[in-house]
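Student: Turn this into a structure:
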Amino acid sequence: MFLCLLAHHQKNRVVKFRFWRSGSTVSHYVNKVLAAVLSLHEVLLTKLVPVADDCTDNRWMWFKCCLGALDGTHINVLVGNTDKPRYQTRKGQITTNTLAVCDRNMQFVFILPGWEGSAGDSQVLRDAVCRVPGFKVPQVCYYLCDNGYANSNGFLTPYKGVRYHLKECGPCNEAPQNPKEMFNMRHTKARNVIERAFAVLKMCWGILRSASYYPIQTQIRLIMACFLFHNYIRREMPVDPIEAQLHGVDEIPNIHCDTEVD
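Tutor: Alright, predicted model coming up:
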C-alpha cells in the first residue's frame, strides 16, 4: 500500500478500495511504514567515496578527491493559503526547495527537504552546513555545483561568464576554445550526475510530480522516503530500466517541476 501511494500517487480512498481495507487501516500502516523507512536513513544513505588518483572514468578523472555533486530541486507541495507566498517560486509554482547531494553512482548522501520554494539554493545550503548535525565536507574534498552557489572551500563551481554546455567533439562553435571552456565542459559532464539522479527519482515516484493532500510535514517525510528508496533500488538493481531511458541523453527532460538555478 505504501509503495502504491508513492509510485502512483494514489489517494487513500483509492488505495483502500484496491486493497480492500478501511481508510483508517491504510492511514495507520502508511504512517507506520513511513516511520520505519525514515529510521533506516543511516543505512540507506550512501557513504562518501572520493575520486581516487588512479580513476579512469573520463567524467571524473579530472576531479581528484571529488565526492560527487549537489543541487536543489523544486517539488510541488500543498500548503495553506497563508503559506503560499513563501512557497511560491519565480515560476508561480507552490514547491519546497530540496537540497540533495549525490555521489558518482547517483546515490544520495545527504538530503534536506522542507525549505520554502522562494528560498534560494545558496540559502538552503548555508542552513544545511550550519545545522548540528548537518552537512559536512571532509578536508581536501569537495562537491561540484552550479553558479547558484559560491565557489568556496568544499564547493567547486564553473567559471562565470564562460560558455558551459559544450561538446568536445562537436562543431567548431560547440567545442571548447580555451582552458576555461575546457574546464567548464568537463565540469558540466561530471555535475550532470545530480540532474540525472533527479530525473530518475521523479520518473520513478509519481508523488514527487504533483502535490499530495497531506499536511506539509507529512509531505516532507514522504519526499525523504522517496530519496531513500531510490538509494535502495540503485544498490539492489544492477540495471535500472528508468536510468536506461536516459542513457546517452545530454539534456535531462523536464519532469513537471524541474530544477531551478538561482
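
Student: use CA for all of it now, contacts and neighbours both
Tutor: Will do.

Student: Just name whatever secondary elements the host helix or strand of M185 is in contact with.
Tutor: If you go by DSSP states H and E, M185 is part of helix 179-204. Applying 3 or more Cα pairs under 8 Å, 6 or more residues apart in numbering; DSSP states H and E, one finds that helix 179-204 contacts strand 66-76, strand 95-102, strand 142-144, helix 216-236, helix 241-244.

Student: Of these, which shows the lowest average pLDDT?
Tutor: Ranked by mean pLDDT, those end with helix 241-244 at the bottom, a mean of 78.

Student: now it, how far from the centre of its chain.
Tutor: Relative to its parent chain, helix 241-244 has a centroid offset of 16 Å by Cα atoms, centre = their mean, to the nearest Å.

Student: Buried residues in it, which are they?
Tutor: Within helix 241-244, the residues scored as buried using 16 or more other Cα atoms under 10 Å are E243.

Student: how about that helix as PDB, C-alpha atoms only?
Tutor: The C-alpha coordinates for helix 241-244 follow below in PDB (Å, rounded to 0.1, in the frame of the first residue of the first chain):
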ATOM      1  CA  PRO A 241      15.300   0.500 -16.600                       C
ATOM      2  CA  ILE A 242      14.400   4.100 -15.800                       C
ATOM      3  CA  GLU A 243      18.000   5.100 -16.000                       C
ATOM      4  CA  ALA A 244      18.400   3.200 -19.200                       C
END
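
Student: coming back round to it: dump the helices and strands packed on helix 179-204 into TSV; add distance to H41 as well.
Tutor: Listed next are the helices and strands packed on helix 179-204 as TSV, based on distance: least, Cα to Cα, whole Å:
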stretch	distance to H41
strand 66-76	18
strand 95-102	14
strand 142-144	21
helix 216-236	7
helix 241-244	23
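
Student: Please point out which parts of the helix holding M185 sit buried.
Tutor: By 16+ other Cα under 10 Å, the buried positions in helix 179-204 come out as 181-204.

Student: shaky segments in the stretch 51-200 of the chain?
Tutor: Across the stretch 51-200 of the chain, residues meeting the criterion (pLDDT under 70) sit at 166-173.

Student: helices or strands up against the host helix or strand of L3?
Tutor: Assigned by DSSP H and E, L3 falls within helix 2-8. Counting by 3+ Cα pairs under 8 Å, 6+ apart, the packing neighbours recorded for helix 2-8 are helix 12-19, helix 23-38.

Student: Can you list the neighbours in contact with stretch 205-218?
Tutor: 5-9, 11, 75-79, 114, 202, 219, 223, 226, 255-257 (Cα atoms under 8 Å, 6 or more residues apart in numbering).

Student: List the buried residues for it?
Tutor: W205, G206, I207, L208, R209, S210, A211, S212, I216.

Student: burial measure for S118, as a count.
Tutor: If you count neighbours by other Cα atoms under 10 Å, S118 ends up with 20.

Student: go on, F229?
Tutor: Applying other Cα under 10 Å, I find that F229 has 19 neighbouring residues.

Student: For it, which non-adjacent residue is closest in space?
Tutor: The shortest distance from F229 to any non-neighbouring residue, by Cα to Cα, 6 or more residues apart in numbering, is to L44 (7.8 Å).

Student: Please list all residues in contact with the one you found.
Tutor: Taking Cα under 8 Å, 6+ apart as the contact definition, L44 lies against L228, F229, N231, Y232.
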